[in-house]
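J.: here is a sequence together with a model predicted from it:
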Amino acid sequence: MGDYLQDGGFKTVTEFTIKLVLPVLTIVILLFLGLILFTKLPFFIPYIVIFFGVIFISVYPYMMFEKRKVNIHENIHLFITYAGTLSTLRINRTMLFKKIAEEKEYGELAIFAERIVYLAKSWNLGYAKTCRKMAVLSPSKIFADFLDRLAAVLDFGEDLEVFLTEEQDAVMDDFENEYHKSMQNIKMLEDVFISLTISIAFAMAAALLLPLLMGISIMVIIKYSLFGLLLMDLLLILLIKGFIPSDRICHKLPILDPGTKKTIKSFMIIMPTSFLLVAILMYIDIFPFLFNLAIGFTPLIIVGIIASKEENEVFKRDKAFPTFIRAIGGAVTTRGGGVTSSLGALRVHDFGVLNQPMINLYRRLKVGSERFKAWFYFAGESGSNLINYFIHIFAKSIYLGGDAIKVAEIISKNFTRLISLRKLRLQLASGLRGALYGALLGFITTIYMSTAITHLLSGMFNNALQNAMTQDNMANLVSSILPAIPEINMIEVNLYIGIIIVVHSFISAVIIKLVDGGNKYATLFDFVLMVWMGAGLSWGIPLLSKWAFGNLGI
C-alpha cells in the first residue's frame, strides 16, 4: 500500500487520507444528501455518485503515477538531447544535472535532476549511488534504465561525453518503442470509442421503444442518452490526455508566426458572425434545428482551413530544420564560434521556409538584441513546438561553449527521428478521422431510424387503442393490459437529438486534434462537416422511413 501511494505522489497514508480521502468523501456525502433531499432523480443516481467517489479515491494514485510517467516520456527526448549537447562542454556531472534541473519545462525530469544534485552533494551519497536510488523511484522504465547505466559509468569513471553521445541512440530507441506503444493505445481507444458509440446507439434504439411498451416518456430516454454519451466522450478525452504522451505541432509561445496570427484574427472575426447568424436563423425558424446550426456554423470552416494550412507550413519548417541547424553548426565551427557572423554568411543560401526567420534572427543579433531573446523570437516565428525546444537547446549549448558541429549533429539526428515518428502519428490520426466519421454516421442513422419507427408505431397504436376504447366490451380490457402511450412531441425530440449530435461531433473533432497534436482551431473544420452530416441525415432518414413504411402499407 505504501509503495502504491508513493508512486502516486503521497509520502504516507496519513497524507493520502488528509489530502484526498477526506475531501473527496466530504464532497460525495454532501452531493448524496443533496440529491436525496432536494431532487426527484431516480433512486439509483445518488448511489452512483458514491460509487464514482470511491472509485476515484482508489484509482487516483495510479492516475498520478501514469501522469508522471507520461510527463517523462513526453520530455525524455529533450532531456537526452540536452544532456548530449552539454557533454560537449566537458563539464562535470554536478554542472550537468544543475543545467538540466534549470529547464523547468522538462517537468518530472527536471525534478529528478534537482533531487540527484541535492542527494549527491548535500547528503554525500555520490552520484552513482544516488542515480541507482532514483532509478528505483522513477515511474518510467526508460529513465530508470538510463540512470542505472549512468550509475555504472560513474562507478567505472568512463568519460561522460562518450557515454552521453552513445546514449543518444539507446534512449531514442527506447523512446521510439514507447511512442509505438502509445500509438497502439490510441488504436485501442479508437476501437473502444467506436464500439461504445455504436453500443449506445443500439441501446437508444431499443430504449426508444419503451414508450410503446411501458408508457415511459421518450424525453426521459433521450435525456439519459445525452448524459451517457457526454460522460463517455469526456472519459475518452481524459484517457487520451492522461495516459498518452502528447506531441503538439504548434507551440504556445506569446510570439506568433504570421499563419497563427491570421488564424486567430479570422477566428475573432468569424466566431461572433457565426453565432449572430445562428441566433438570426433560430429567431426566424425557417429550417429545422440542426440545419439552423449547420448553416450558422458554416463560416467557421474558413478558420479550420486556415489553421490546417498553418499546420502544413509548420510541417515544412520542421522538415527544413535539420539541414538548417547542421549548416549553422558547421559555419560556427569554421568561423571560430562567431554565431552572428556565421548567420550573416549563411544568408546567401536558400533554406526555403526558414529563410525569413533566419534573416530576422541575424538582424536582431546584429543590432545587439539580447541573444537568447533573439533565438526565442526565431522559435516563435517558426510556429513549431519542436523547433522551439531544439533551438533553445542549440543556443544554450553554443553560448556555453559547446562544440558546434557535435551539438548540431546530435540535434539534427534526434530531430529527424522525431519527424519520422510524427508521420506515423499523423497516419494514425487520419485513420481515426475516418473511423469517427463512420461511427457518427452509424450513430445518427440508428437514432433517427429508431425515432422514426417509434413515432410511426406510436401513431398506429394510439389509433388502434382509440378505436378499441370506443367499444364498451373492450375498453376495460385494453386499459388494464396496455399502458397509456404518451404523446411524442417530435419537435422537442429532434431538438434534444440535435444537441446530442452537436456535442458528440464537437468532442469527436477535439479527439482528432488531441491525437494528431494539430492546431486547436483546425478542430472547427471537422466539427462543421460533422454537424452538416447530422443535419443531412436528420432530414433524409425520416423522409426515407416514411417512404419505406408507406410502401409497406404501414
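T.: All right, it came through fine.
J.: rest of the way, CA atoms for contacts and neighbours
T.: Will do.
J.: who's in contact with Ile186?
T.: 240, 244, 515 (Cα atoms under 8 Å, 6 or more residues apart in numbering).
J.: residue ranges with poor pLDDT in the stretch 101-250 of the chain?
T.: Applying pLDDT under 70 to the stretch 101-250 of the chain flags residues 208-217.
J.: so which residues of it form helices?
T.: Counting by DSSP state H, counting those that start in this stretch, the stretch 101-250 of the chain has helices at residues 108-122, 127-137, 141-156, 160-207, 210-214, 218-243.
J.: with distance to Leu22 added, can I get those in JSON lines?
T.: Shown next, in JSON lines, are the helices of the stretch 101-250 of the chain (distance: least, Cα to Cα, whole Å):
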{"stretch": "helix 108-122", "distance to Leu22": "27"}
{"stretch": "helix 127-137", "distance to Leu22": "27"}
{"stretch": "helix 141-156", "distance to Leu22": "33"}
{"stretch": "helix 160-207", "distance to Leu22": "32"}
{"stretch": "helix 210-214", "distance to Leu22": "41"}
{"stretch": "helix 218-243", "distance to Leu22": "24"}
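J.: between those helices, which one is nearest to Ile50?
T.: helix 218-243 (16.4 Å; Cα to Cα).
J.: list the buried residues of the helix or strand just after that closest one.
T.: Using DSSP states H and E, the helix or strand that follows helix 218-243 towards the C-terminus is helix 258-284. By 16 or more other Cα atoms under 10 Å, the buried positions in helix 258-284 come out as 259-260, 262-264, 266-267, 270-271, 273-275, 277-278, 281-282.
J.: Ile91: which of those is nearest?
T.: Among the buried residues of helix 258-284, and counting by Cα to Cα, the member closest to Ile91 is Thr260, at 39.4 Å.
J.: any idea which helix or strand carries the nearest residue to that closest one once chain neighbours are set aside?
T.: Closest residue in space to Thr260, ignoring its immediate chain neighbours: Glu310 at 6.7 Å, by Cα to Cα, 6 or more residues apart in numbering. For Glu310, the host element (DSSP H and E) is helix 300-334.
J.: of the contacts of Ile186, which is the nearest to Gly126?
T.: Taking Cα to Cα as the measure, Gly126 lies nearest Ile244 of those, at 34.6 Å.
J.: tell me the phi and psi of that closest one?
T.: Main-chain dihedrals, Ile244, degrees, to the nearest 10: phi -120, psi 120.
J.: low pLDDT regions in this protein?
T.: Scanning the chain with the threshold set as pLDDT under 70 gives 1-9, 39-44, 208-217, 455, 457-488, 548-554.
J.: domain-wise, how is it divided?
T.: 2-158, 182-247+263-298+419-551, 322-402 (automatic domain parsing).
J.: tell me where the stretch 451-554 of the chain has helices.
T.: Ranges of helices within the stretch 451-554 of the chain are 472-481, 490-516, 523-551, based on DSSP H, counting those that start in this stretch.
J.: buried residues in the second one?
T.: Of the residues in helix 490-516, 494, 496-498, 500-516 count as buried by neighbour count, 16+ other Cα under 10 Å.
J.: now the last one
T.: When burial is assessed from 16+ other Cα under 10 Å, helix 523-551 yields the following buried residues: 523-535, 537-538, 541-542, 545.
J.: returning to that earlier point: the residue nearest to Thr260: how many residues sit nearby?
T.: Applying other Cα atoms under 10 Å, we find 24 residues neighbouring Glu310.
J.: same thing with Ser430?
T.: The tally of other residues near Ser430 (other Cα under 10 Å) stands at 14.
J.: one more: the one 5 residues further on?
T.: Taking other Cα under 10 Å as the neighbour definition, Ala435 ends up with a count of 16.
J.: residue numbering should commence at 823 henceforth.
T.: Sure thing, new numbering starts at 823, so read that last one as Ala1257.
J.: and the one helix or strand it maps to with helix 1040-1065, angle?
T.: Element membership for Ala1257 (DSSP H and E) is helix 1226-1291. For helix 1226-1291 against helix 1040-1065, the angle by axes from the mean of the first three to the mean of the last three Cα atoms, to 10 degrees is 170 degrees.
J.: report all helices and strands that helix 1226-1291 contacts.
T.: Here helix 1226-1291 touches helix 866-909, helix 982-1029, helix 1032-1036, helix 1122-1156, helix 1207-1221, helix 1294-1303, helix 1312-1338, helix 1345-1373, going by 3 or more Cα pairs under 8 Å, 6 or more residues apart in numbering; DSSP states H and E.
J.: turn these into JSON lines, including distance to Glu924.
T.: Converted to JSON lines, those look like this (distance: least, Cα to Cα, whole Å):
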{"stretch": "helix 866-909", "distance to Glu924": "12"}
{"stretch": "helix 982-1029", "distance to Glu924": "19"}
{"stretch": "helix 1032-1036", "distance to Glu924": "62"}
{"stretch": "helix 1122-1156", "distance to Glu924": "24"}
{"stretch": "helix 1207-1221", "distance to Glu924": "12"}
{"stretch": "helix 1294-1303", "distance to Glu924": "77"}
{"stretch": "helix 1312-1338", "distance to Glu924": "29"}
{"stretch": "helix 1345-1373", "distance to Glu924": "35"}
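J.: and of the ones you listed, who's closest to Phe1200?
T.: Closest approach to Phe1200 among those is made by helix 1207-1221 (8.2 Å; Cα to Cα).
J.: the closest one to helix 866-909, inter-axis angle?
T.: Helix 1207-1221 and helix 866-909 meet at an angle of 30 degrees, taking the same axes, to 10 degrees as the criterion.
J.: what angle sits between helix 1207-1221 and helix 1122-1156?
T.: Interaxial angle, helix 1207-1221 versus helix 1122-1156 (the same axes, to 10 degrees): 20 degrees.
J.: buried ones in helix 1207-1221?
T.: Within helix 1207-1221, judged by 16+ other Cα under 10 Å, the buried ones are 1207-1220.
J.: what does stretch 1157-1164 give?
T.: Quick answer for stretch 1157-1164 (16+ other Cα under 10 Å): 1159, 1161-1162, 1164.
J.: Phe832 falls within a strand, correct?
T.: No - counting by DSSP: H, G, I helix; E, B strand; the rest coil, Phe832 is not found in a strand; it is coil.
J.: what is the burial count for it?
T.: Number of residues near Phe832 (other Cα under 10 Å) recorded here: 19.
J.: rewinding a little: of the buried residues of helix 1207-1221, which is the nearest to Val846?
T.: Closest to Val846, out of all of the buried residues of helix 1207-1221 and judged by Cα to Cα, is Asn1207, at 36.9 Å.
J.: mind listing what that closest one touches?
T.: Per Cα under 8 Å, 6+ apart, neighbours of Asn1207: 1070-1074.
J.: related to what we said a few turns ago, Phe854 is nearest to which of the helices of the stretch 1273-1376 of the chain?
T.: Among those, helix 1312-1338 sits nearest to Phe854 (Cα to Cα), with 27.0 Å.
J.: quote the end-to-end distance of stretch 1218-1229.
T.: End-to-end distance for stretch 1218-1229: 10 Å, by Cα to Cα, to the nearest Å.
J.: go ahead and name everything in contact with it.
T.: Contact partners of stretch 1218-1229, identified using Cα under 8 Å, 6+ apart, comprise 904, 906-911, 1148, 1151-1152, 1154-1155, 1159, 1194, 1216.
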